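S.K.: Take a look and give me a structure for this.
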Amino acid sequence: MNYKLLRKQADLLCVEWLKTMVPEGEEADRITVQSMPSMLPDETHLYAGGQVRLHAMTPKWIYKQLKKNPDITLEELMR
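M.R.: Coordinates of the predicted model:
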C-alpha cells in the first residue's frame, strides 16, 4: 500500500466533497488542493462522550478511511 498516493487521494476526495457543498456556478471552480486547507475549519477534532474524536470529512479522516478500504468512493464516505 502506497501511503503517499493515499494522502493525495484523500486530498482529492476532500476537494470533491467541498465542491458538493458550494452552490452550483459559484466558487466550485476555485476549489483546488492548494486552496482546500483555507476552506476547511481550523478545528479538526471534537470532544464528545468523554473522548476526543476526529471530525468527519477532513483530509486526515478521509485518509484513515482510505487505509481501511483504498477503493472507497465519495458516495460511500458520505453514508
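S.K.: For the protein, which segments count as strands?
M.R.: In the chain, the strands defined using DSSP state E lie at 45-48, 51-54.
S.K.: For the last one, the averaged confidence score.
M.R.: Meaning strand 51-54. Mean pLDDT, strand 51-54: 95.
S.K.: pLDDT below threshold where in the chain?
M.R.: 26 (pLDDT under 70).
S.K.: Go ahead and flag the most central residue of this structure.
M.R.: residue 14 (3.2 Å; CA atoms, centre = their mean).
S.K.: Quick check: it vs residue 50, distance?
M.R.: As judged by CB to CB, to the nearest Å, residue 14 and residue 50 stand 28 Å apart. For every residue, glycine as well, the C-beta is placed using N, CA and C.
S.K.: Equivalent analysis for residue 56, please.
M.R.: In terms of CB to CB, residue 56 sits 19 Å off from residue 50.
S.K.: Settle it for me: which of the two has more neighbours?
M.R.: residue 56 (12 against 5; other CB atoms under 10 Å).
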